[in-house]
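Colleague: Below are the sequence and a predicted model; questions follow.
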Amino acid sequence: EEEEEEVGEEEEKHRGGKQLMTDADHNQTLDLLLGGRKNPHNLDRPKRSSKNFNYQFFLGNIVSRPTGDYIHGIHKDWKWNFTHLERHHGYIQWLFPVFESNGANGHAHALGKAEAELIRGNLYCAFNVVRNYKLMLNFYGFRLKSIVTGELERAPLIWASRFSNLKCRSHNNLRINRILTSLGELGFDIYKQPFLDALRMEIDNGYLGRACEQSY
């Protein structure tokens, strides 16, 4: 309980933190990252469909289940709620779908290869892939320093407590494995190695246990 109170105080310090890049900056950078396949100013979302559940979730048309939210709601309301992100076990399969299965969440859906193409080919969805990644990086104590290269840095003020949480709660290693797999299958391989490098550096620094290293 004492740890949660300490984290809560750190969360409050960051709720009003200055944004390093505007949404417009992100959109323009993502357009470059995706090879200019989409106009960064054309963010119109297709209509709701009964198919391609992951695609529809990334478009903001449906909520994650169970007891979840729309993707923009997760980005807005869950980012600093570390206790909720830790204890809720049904959102990670929606934020980071993979080809193999829906994991332990019977309400989620395995990612289809054609669906992955739809997600990475639509700038609105691609932007949400990056926002999903940034959400979880923050949870683990990291920050995306470069959206183009994937370089990471420690998240100011919160990194020590978040590293401690990761070290003590090993189920997060399974989540990180899923994140890495999903990034690759969604076409964002550029982010995988920098994440691994950052984790290994903190393992070498003694902030993360060797059990983490054996998991990735």
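Modeller: Sure thing, it's come through.
Colleague: Going by C-alpha atoms from here, please, whenever you check contacts or count neighbours.
Modeller: Fine.
Colleague: For the lengthiest helix in the chain, which helices and strands make contact with it?
Modeller: Scanning the chain for the helix with the most residues, using DSSP state H, yields helix 123-140. Secondary-structure packing of helix 123-140 (3 or more C-alpha pairs under 8 Å, 6 or more residues apart in numbering; DSSP states H and E): helix 23-33, helix 53-59, helix 71-77, helix 113-121, strand 142-144, helix 159-168.
Colleague: Check the ones you listed for me and report the most buried one.
Modeller: Highest mean neighbour count of the helices and strands packed on helix 123-140: helix 53-59, a mean of 24 (counted as mean count of other C-alpha atoms under 10 Å).
Colleague: for it, packing partners?
Modeller: Where contact means 3+ C-alpha pairs under 8 Å, 6+ apart, helix 53-59 is packed against helix 113-121, helix 123-140.
Colleague: Averaged pLDDT, the first one. What do you get?
Modeller: Right, the one you point to is helix 113-121. For helix 113-121, the mean per-residue pLDDT is 95.
Colleague: before we move on, what about stretch 180-199?
Modeller: Mean predicted confidence for stretch 180-199 is 97.
Colleague: now the longest helix of the chain and helix 159-168, what's the angle there?
Modeller: Interaxial angle of helix 123-140 relative to helix 159-168 (axes from the mean of the first three to the mean of the last three C-alpha atoms, to 10 degrees): 90 degrees.
Colleague: ok, back up a step: in JSON lines, list the helices and strands packed on helix 53-59 along with distance to residue 177.
Modeller: Shown next, in JSON lines, are the helices and strands packed on helix 53-59 (distance: least, C-alpha to C-alpha, whole Å):
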{"stretch": "helix 113-121", "distance to residue 177": "18"}
{"stretch": "helix 123-140", "distance to residue 177": "12"}
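Colleague: Quick one: closest of these to residue 74.
Modeller: helix 123-140 (8.8 Å; C-alpha to C-alpha).
Colleague: Just list the residues touching the residue nearest to the spatial centre of the chain, thanks.
Modeller: Central residue of the chain (C-alpha atoms, centre = their mean): residue 133, 2.4 Å from the mean position. Neighbouring residues of residue 133 by C-alpha atoms under 8 Å, 6 or more residues apart in numbering: residue 179.
Colleague: start at 492 instead
Modeller: New numbering, starting at 492: the last item is residue 624.
Colleague: State the distance from it to residue 614.
Modeller: Look at residue 624 and residue 614: by C-alpha to C-alpha, to the nearest Å, they are 15 Å apart.
Colleague: would CSV of the helices and strands packed on helix 614-631 with distance to residue 677 be doable?
Modeller: Supplementary listing: the helices and strands packed on helix 614-631 in CSV, determined by distance: least, C-alpha to C-alpha, whole Å:
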stretch, distance to residue 677
helix 514-524, 13
helix 544-550, 11
helix 562-568, 17
helix 604-612, 5
strand 633-635, 18
helix 650-659, 25
